[in-house]
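Chemist: sequence below, structure please.
(2 chains, ligands or ions: 1)
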Amino acid sequence: MLSINLVNTYRIPQTFEYYRPESLREALVLLSTIEGAKVVAGGTDLLVDLKFRRVTPRALIDITGIGELRSIGVGDGYVEIGSAVTIQELVESEVVGRHLPLLAEAAELLGSWQIRNLATVGGNLCNASPAADTAPPLLAYDAEVELVSLGGSRRIPLERFFAGPKKTVLERGEVLRSIRVPLYRRRAGWSFIKIARTSFDLAKVSAAVLLSLEGDTVADVRIALGSVAPTPVRARAAEESLTGTGFEEAVALAPELVAREIAPIDDVRSTAWYRLEVAKTIVKDAMRRAYERFLRVGAAP
Amino acid sequence: MFDFVGKRFPRHDGFVKAAGLAEFTFDVEVPGMLYGRIFKSPYAFARVGRIDTSLAESMGAVVLTPDEVPDALFNPRLLSLEEDTFKDWRVLTKTPRYVGEPIAVVAAPTEDAAQRALEALRVEFEEVYEPLLDPFEAMSPGARPIHERIVRGRRWVEVRNNVAAEYGYSEGDLETEERRSSVVVERRFHASRRYHAQLEPKGAVCKIEPDGSLTVWTTTQTIHNTKILISQVYGIPMNRIDVRKVPLGGGFGSSIHTNLVTLIAVGLCLKAGRPVKLVLTREDDMVHDHVGFEFYMRVRAGATREGEITFGELENTVDIGAHQVQAYPLLGASLGWFVSLYKWRALRYYGRAVYTNKVPSCAIRGYGAPEVTWAVETVVDEIAEELKVDPVEFRLRNYRGRGEIFWGQGPTVRSVIRSDGVPELMAKCSELIGWKTRGDPRSKSGRFRRGIGVGRGFHTSGAGGPLSGAVIDYSGAIVKLNEDGTVDYITALQDHGGGTLDAHAKIIAEELKVPPSRIRIVWSGTSTTVYDVCTHASRGVFVGGEAARRAAAEVKRKVLEYAARILDAVSPEALRIEYDRELNDAVIFVEGAPEKRVSLSEVARTAWQRNWGSISASVSYRATVAPPSFTVYFVEVEVDTETGIVRPVRVVAGADVGTVVSPELAAGQLHGGFSIGWSWATGDEVAYLRDGVPAHRLSMTDYKIPTVLDLPDDERFTVVFASTYEPFGPFGAKGLGESASNPVIAAVANAIYNAIGVRFYEIPMTPEKVLRALRGGG
Ligand SMILES: Cc1cc2nc3c(=O)[nH]c(=O)nc-3n(C[C@H](O)[C@H](O)[C@H](O)COP(=O)(O)OP(=O)(O)OC[C@H]3O[C@@H](n4cnc5c(N)ncnc54)[C@H](O)[C@@H]3O)c2cc1C
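Modeler: The predicted structure follows:
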């Protein structure tokens, strides 16, 4: 049992060193030389963990002063988002709004105004909560993450980045530098639906859908879900089965297909049974909403 | 009709609060102050052996252990008469009975040093017992006693089967009434535990003055009872304790008693010989300090074919957790709520409070009325349906209204109802919501289904009555006219943040005919005020406001006397007093003689200059009635049958509070009342894991309350006030705070039924339960 006397949410009940480097290199050096150092961005997850003594770092390396981690850029065929970009910056970004509307929709539902102004997209992913709101959209977009350390950098699909609840494949000394999101080339409809206890809560279950049609046939569909498995997940098998079917048929089949790919649990926010049932519902809902948007996008000049 | 009552004025504390300048307990700083941290039990039921304080002390900390606090048991709430006060608490314990119970406490010069000292304590647990978390299990033969003996009044009493208190009552001939009934409905209800979620976590600052007396600043709804309990526990004379009134960041019952943290702070301060600040963190407060009561109820009621209610029966088992915070009067009050809802021709009641190894429960807005009202209003709805009578009609025919005897808080506080706005509210509110168009649940289909429900209820205005009764209820006020004609209002009565004292200022203003801006509400303490029992039972305006009015009336009498001297009038009775808009002052005059006119400020100045003496009054007031403030809620909900999510669509809230002293603040109470009721009806509950650890360990992350975005906005929330006048209230006013939430759960549950045809007998009605029921899972 976590001893209740070690918890103190007024004071962070532990001491640590604090660094705020201005270059990524400096951050990487600090991270590799100080045993037990940890990255902090907005701190909206980490400070809670510190107060509840779930982590005990010797040093915190604040990366929000590093310019290159704070920008959103458009490259050849992709959008690149620095890991320390805040959620509110995603919401307000014209690039994100234009190219990644599914991400923008999810970002707007994350936390409150105060939280969104501190919270970063990198922190949301590195914290690796199954409920992370930016994860399903980024999974749906086939995003890749760039991980850097003093030893060099590697780029892996986001889908392989999560290793379990609160676990990623980040190695010691490694930092998430950016998220690279390939532009979705088709005309698409999108929808992110989040079910939570209040309008200011982590998801009990969430679903992101990207949808493209040819006539009334599903040309491409991407379905990702949150809070229904140890990590945010793509429902790949379902996507495959649904591709090529008529839209109405796809909507009818999707719930059961998706249900096979998820494994929700009971916790303080909800139950496994409810999550499974509602995941099925909101996948359907998200497909319908994506469909409506698809038609509207087509109608626009 | 009135110059000030019912009008809008800036709140006296509005600016300081908005600007962040108000000094709450947390903000009190005393030079040389130490900071405390409590060592809480990690076990739900255990016995502590040795406590090794040496390491903490070697770090410079002061440590207080159970052996160093007074041995006597107490009840933190002083409300019942002494002989009916059940005492089972200690300041610090060696037998923790819930996770979080304070065992020891440390004090150190900084908050961080205090945390380190806390972690340096070594507490040995000799035994850890299997906790009893379910009240029925706790009552089963062979269950380990949570308390073997407790003190009732001044006598030791055995606790049997972990039953903390019992209460039985019956009236009339139940069997005959039942035989007369053509419909009888019996249901079992379960209302789970909820956290108060008051804005301000509890805390206390304690200082020893140079003369050895104590000054205490603390989160409390009652400074005088806090003073008395500190005196009783520590044996300090009451005139050596000054409990200061500081702004309170919401109560909802959480500080209705003297908080344990206050008593611990006093003990720590006495041992340290230095000022001490001890404040709870949110998780200390939320996970380990207090919750509302948990109810298991069985209701049986009947009616004749003609739609007349015959009998009612309520059996009530309350899971109170590990200690009593006046569980006994709760059992009596629950009976009071039950009796006063409808005209039962015969009734039977049995209530019992049961110990479990969980955080102790205390009053939460309504003190059992929301739960009892929910159960009764559900059964009544079912009876009306079976009789094919309109539920609104049925209620109007059978509720206890004008001229009826009303019990409110229990059998010892009876009085006759003199003001009753229920018919008016029912008519107006049902019209506004479109009651007649609500339809039958069986005729509704589609994914999103709407339903309209009604809940009717009330709360008492205080716990006064013609006889002394079983609980203490009186108030006091001091009004003092300064030499320039400004007014000081000095009262012990606490304002939880709802604007109670602004209402008082308007009442005093109305009596004296001076503007409220002329009246200063003084931040006082127990040394400088007369006794007020507590701001509870929705008595703030009705009892406290009347005390203020009486003190003002006394001042007015003296003003008129002096004015008569100044104006050469034959007697004060020859004079009139009115508000003069131009002077922005009261003027006293002789009718028909324009030159015979003097302002109140001039009277005050003259009394000073001519050595006539101060104009002031100190009043102690006991109300001889506790009239019901009636409320009626009509709620429209929409149920998503595929997710079980229930959304409030529209609310029409009707309130009979007599004269409305502050319309916008009263409307705010109804908005807040709905919000808290909605949260109880559909939101989160406080649950426990097998080892007795609260499931919402991460406090606000794990336990949610609705935000403004989850509630209807102003356009979808209509407030209606009845046009009544309560003859015993100050300028016709009654209470409101609790009646504002009492019928909400009932209205929501009835609305859900009207939408989907499913009745729920357990709250909260979470989406999980709603969906389960819709899928036939029961
Ligand atoms: C009140 C409240 C409401 C919330 N509501 C939501 C919600 O609705 N939806 C939701 O998804 N989340 C929510 N959160 C969680 C949190 O705000 C988000 O997960 C946020 O995006 C975390 O970002 P951060 O920058 O604050 O991360 P931090 O707390 O700074 O870091 C989180 C973790 O990631 C690591 N880390 C951060 N950046 C990097 C990096 N670049 N490289 C390597 N490691 C890194 C840190 O070491 C730490 O372990 C809420 C939190 C709070 C307190």
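Chemist: residues contacting the residue nearest to residue B:86 when sequence neighbours are not counted?
Modeler: Closest residue in space to residue B:86, ignoring its immediate chain neighbours: residue B:324 at 4.8 Å, by Cβ to Cβ, 6 or more residues apart in numbering or on different chains. For glycine as for every other residue, the C-beta is placed from the backbone atoms N, C-alpha and C. By Cβ atoms under 8 Å, 6 or more residues apart in numbering or on different chains, the contact set of residue B:324 is B:75, B:86-89, B:150, B:164-165, B:353, B:360.
Chemist: ok, now with 7 Å
Modeler: Contacts for residue B:324 were tallied using Cβ atoms under 7 Å, 6 or more residues apart in numbering or on different chains; they are B:75, B:86, B:88, B:164.
Chemist: the second one and residue B:165 touch, don't they?
Modeler: Yes - contact between residue B:86 and residue B:165 holds when scored by Cβ atoms under 7 Å: they sit 6.0 Å apart.
Chemist: low-confidence regions, the stretch 201-301 of chain A specifically.
Modeler: By pLDDT under 70, the weakly predicted segments of the stretch 201-301 of chain A are A:298-301.
Chemist: any common contacting residues for residue B:86 and residue B:165?
Modeler: Common neighbours of residue B:86 and residue B:165 (Cβ under 7 Å, 6+ apart) are residue B:328.
Chemist: who in the stretch 101-250 of chain A is up against chain B?
Modeler: Within the stretch 101-250 of chain A, the positions near chain B by Cβ under 7 Å from any Cβ of the partner chain are A:195, A:197-201.
Chemist: of those - the most surrounded one?
Modeler: residue A:195 (26 neighbours; other Cβ atoms under 10 Å in any protein chain shown).
Chemist: how far away is that residue from residue A:44?
Modeler: 21 Å (Cβ to Cβ, to the nearest Å).
Chemist: related to what we said a few turns ago, next, format the contacts of residue B:324 as CSV and append secondary structure, neighbour count and pLDDT.
Modeler: Shown next, in CSV, are those (DSSP: H, G, I helix; E, B strand; the rest coil; neighbours: other Cβ atoms under 10 Å in any protein chain shown; pLDDT from 0 to 100):
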residue, secondary structure, neighbour count, pLDDT
B:75, coil, 26, 98
B:86, strand, 25, 97
B:88, coil, 22, 98
B:164, strand, 25, 98
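Chemist: between those residues, which is closest to residue B:729?
Modeler: Taking Cβ to Cβ as the measure, residue B:75 is the one of those closest to residue B:729, at 30.9 Å.
Chemist: quick one: the closest one and residue B:243, what's the gap?
Modeler: In terms of Cβ to Cβ, residue B:75 sits 18 Å off from residue B:243.
Chemist: which residues touch the residue of the stretch 1-150 of chain A found nearest the ligand?
Modeler: For the stretch 1-150 of chain A and the ligand, the shortest gap (Cβ to the nearest ligand atom) falls at residue A:123, measuring 2.1 Å. Residues in contact with residue A:123 (Cβ under 7 Å, 6+ apart) are A:41-42, A:44-45.
Chemist: what about the strands in the stretch 601-750 of chain B?
Modeler: Counting by DSSP state E, counting those that start in this stretch, the stretch 601-750 of chain B has strands at residues B:615-621, B:628-640, B:646-656, B:717-721.
Chemist: go through those and pick out the most buried.
Modeler: strand B:628-640 (a mean of 28; mean count of other Cβ atoms under 10 Å in any protein chain shown).
Chemist: what is that one packed up against?
Modeler: helix B:422-433, strand B:448-460, strand B:646-656, helix B:744-756 (3 or more Cβ pairs under 7 Å, 6 or more residues apart in numbering or on different chains; DSSP states H and E).
Chemist: what's the closest of those to residue B:499?
Modeler: strand B:646-656 (15.4 Å).
Chemist: wondering if that closest one reaches chain A at all.
Modeler: No - using Cβ under 7 Å from any Cβ, strand B:646-656 stays clear of chain A, with a minimum separation of 11.0 Å.
Chemist: in chain B, where is pLDDT below threshold?
Modeler: Using pLDDT under 70, chain B drops low at B:777-778.
Chemist: can you check the stretch 1-150 of chain A too?
Modeler: Across the stretch 1-150 of chain A (using pLDDT under 70), the flagged ranges come out as A:1-2.
Chemist: can you pull out the helices in it?
Modeler: Along the stretch 1-150 of chain A, the segments classed as helices by DSSP state H, counting those that start in this stretch run A:24-33, A:46-51, A:87-92, A:94-99, A:101-108, A:113-118, A:121-126, A:135-140.
Chemist: nearest to residue B:501, out of the ones you listed?
Modeler: Of all the helices of the stretch 1-150 of chain A, helix A:113-118 comes closest under Cβ to Cβ, at 31.2 Å.
Chemist: give the other helices and strands that the closest one contacts.
Modeler: Going by 3+ Cβ pairs under 7 Å, 6+ apart, helix A:113-118 lies up against helix A:87-92.
Chemist: which positions in the helix it packs on come out as buried?
Modeler: Buried positions in helix A:87-92, judged by neighbour count with 16 or more other Cβ atoms under 10 Å in any protein chain shown: A:87-91.
Chemist: can you check stretch B:765-778 too?
Modeler: B:765-774.
Chemist: cool, and stretch B:152-168?
Modeler: In stretch B:152-168, counting by 16+ other Cβ under 10 Å, buried: B:152, B:159, B:162, B:164-165, B:167.
Chemist: before we move on, back to that, quick check: closest non-adjacent residue to the residue of the stretch 1-150 of chain A closest to the ligand.
Modeler: Residue A:123 sits nearest to residue A:41 (Cβ to Cβ, 6+ apart), 4.2 Å away.
Chemist: contacts only, for that neighbour.
Modeler: A:63-64, A:84, A:120, A:122-123.
Chemist: tell me which residue of the stretch 151-300 of chain B lies closest to chain A.
Modeler: In the stretch 151-300 of chain B, the residue that lies nearest chain A is residue B:281 (4.8 Å; Cβ to the nearest Cβ).
Chemist: what's around residue 69, how many residues?
Modeler: In the absence of a named chain, this looks at chain A. 22.
Chemist: not what I meant, chain B
Modeler: Residue B:69: 24 neighbours (other Cβ under 10 Å).
Chemist: tell me how far it lies from chain A.
Modeler: 19 Å (Cβ to the nearest Cβ, to the nearest Å).
Chemist: give me the secondary structure label for the closest residue to that residue other than its chain neighbours.
Modeler: Distances taken as Cβ to Cβ, 6+ apart put residue B:91 closest to residue B:69, at 4.0 Å, once the chain neighbours are dropped. Look at residue B:91: counting by DSSP: H, G, I helix; E, B strand; the rest coil, its state is coil.
Chemist: in contact with residue B:91, which residues?
Modeler: B:69-70, B:233, B:263-264, B:267.
Chemist: so which residues on chain A come close to the ligand?
Modeler: A:38-46, A:48, A:63, A:83, A:87, A:110-111, A:115, A:118-120, A:122-124, A:126-127, A:131-133, A:170, A:175-176, A:202 (Cβ under 6 Å from any ligand atom).
Chemist: can you select the buried ones among the residues you listed for me in PyMOL?
Modeler: Of these, the buried ones can be selected in PyMOL as follows, counting by 16+ other Cβ under 10 Å:
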select buried, chain A and resi 38+39+40+41+42+43+44+45+46+48+63+83+87+110+111+118+119+120+122+123+124+126+127+131+132+133+170+175+176+202
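Chemist: and the residue in the stretch 151-300 of chain A positioned nearest to the ligand, how far is that from chain B?
Modeler: The minimum distance from the stretch 151-300 of chain A to the ligand, using Cβ to the nearest ligand atom, falls at residue A:176 (3.7 Å). Per Cβ to the nearest Cβ, residue A:176 is found 24 Å from chain B.
Chemist: biggest helix in chain B, by residue count?
Modeler: helix B:545-567 (DSSP state H).
Chemist: also chain A?
Modeler: Max-length helix for chain A by DSSP H is helix A:272-299.
Chemist: how about it against chain B, any contact?
Modeler: Yes - using Cβ under 7 Å from any Cβ, helix A:272-299 reaches chain B at A:274, A:277-278, A:281.
Chemist: nearest to residue B:301, of the contacts of residue B:324?
Modeler: For the contacts of residue B:324, the nearest to residue B:301 is residue B:164 (27.3 Å; Cβ to Cβ).
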